[in-house]
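Novice: fold the stuff below for me.
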Amino acid sequence: MADLLLAETVEKMKKVVTHTRADFSSIRTGRAAPALVEKIPVDYYGSEVPLQQIAGFNVPEARQLLITPYDKGAIGAIEKALQQSDLGLN
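Specialist: Sure thing, here's the model as predicted:
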């Protein structure tokens, strides 16, 4: 009984730690990080998909995030999603 309770508790704690790490990765720290924008939903040809599925990310400088769409036709949709995201990006 105690072993089962311990196993369940450990599993729940692992899930909490994983979720907390994901939340911390999206905190604005002054350094550009893809985690800030990778989950932003983009209307891509009528389907709403996360930005990370249609673009690659690069951080050439500490305060610069380069988003490279895999399909150049998605640039307008990506721009619109970023403007509507209310992240204060420019």
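Novice: can you map out the helices along this structure?
Specialist: 2-25, 75-84 (DSSP state H).
Novice: ok, which of the ones you listed comes nearest residue 65?
Specialist: When the helices of the chain are compared by CB to CB, helix 75-84 sits nearest residue 65, at 10.3 Å. C-beta coordinates here come from the backbone N, C-alpha and C atoms, glycine included.
Novice: just send the helices of the chain back as CSV, with mean pLDDT, distance to residue 46 and mean neighbour count too.
Specialist: Listed next are the helices of the chain as CSV, based on pLDDT from 0 to 100; distance: least, CB to CB, whole Å; neighbours: other CB atoms under 10 Å:
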stretch, mean pLDDT, distance to residue 46, mean neighbour count
helix 2-25, 88, 28, 10
helix 75-84, 92, 10, 15
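Novice: need those helices in JSON lines (columns: distance to residue 61).
Specialist: Shown next, in JSON lines, are these (distance: least, CB to CB, whole Å):
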{"stretch": "helix 2-25", "distance to residue 61": "19"}
{"stretch": "helix 75-84", "distance to residue 61": "18"}
